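> generate coordinates for the sequence data below:
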Amino acid sequence: QVQLVESGGGLVRPGGSLRLSCAASGRTLSSTAMGWFRQAPGSEREFVAAISRTGFSTFYADSVKGRFTISKDNAKNTVSLQMNSLKPEDTAVYYCAAADRGLIPTIDSRYDYWGQGTQVTVSS
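Got it, this is the predicted structure:
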């Protein structure tokens, strides 16, 4: 059983930065594609970023491209999301997810395991 635990969320001012981390247990991340999703109040869960098993391939939602960076440390079994130039519209609960299949899935139904989420609030 794969367990994912997110950390690093919090309150930040517009233009600020946060780094989210996701620690995995029960599975070596070198065999797993990973993704970050987010869900704002009253909205559907949306794709943010994904990274391949090897970490060599990444993909981003247009809304975060150039501001967010997903990375993977297979030795530490963690995946991170560096978020820069944050905007109020980035406010959401952010979820880490793991996929058994696919290169860099962007659809939430392609993911098999989910963390509990961490709140990110961007406000002045």
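
> in space, what's closest to the residue nearest the centre of the chain - neighbours in sequence excluded?
What sits nearest the mean C-alpha location of the chain, by Cα atoms, centre = their mean, is residue 36, with 2.3 Å. Excluding the flanking residues, the one nearest residue 36 by Cβ to Cβ, 6 or more residues apart in numbering is residue 48, at 4.3 Å. Yep, even glycine has a C-beta here, placed from its N, CA and C like the rest.

> what pLDDT does the one you found get?
Looking at residue 48, its pLDDT is 98.

> what does residue 25 give?
92.

> what sits against the closest residue to it other than its chain neighbours?
Sequence neighbours aside, residue 3 is the residue nearest to residue 25 in space, at 4.8 Å (criterion: Cβ to Cβ, 6+ apart). Counting by Cβ atoms under 8 Å, 6 or more residues apart in numbering, residue 3 makes contact with 24-26, 113.

> how about a cut-off of 10 Å?
Residues counted as contacts of residue 3 (Cβ atoms under 10 Å, 6 or more residues apart in numbering) are 23-27, 98, 113, 115-116.

> again, but for residue 68
Taking Cβ under 10 Å, 6+ apart as the criterion, residue 68 is in contact with 18, 20, 36, 48-49, 58, 60-61, 81-86, 90.

> how about the strands of the chain, start to end?
With DSSP state E as the criterion, the chain has strands at 3-7, 10-12, 18-25, 33-39, 46-51, 58-60, 68-73, 78-83, 92-99, 113-114, 118-122.

> who are the packing partners of the third one?
Think strand 18-25. Counting contacts by 3 or more Cβ pairs under 10 Å, 6 or more residues apart in numbering; DSSP states H and E, strand 18-25 packs against strand 3-7, strand 10-12, strand 33-39, strand 68-73, strand 78-83, strand 92-99, strand 118-122.
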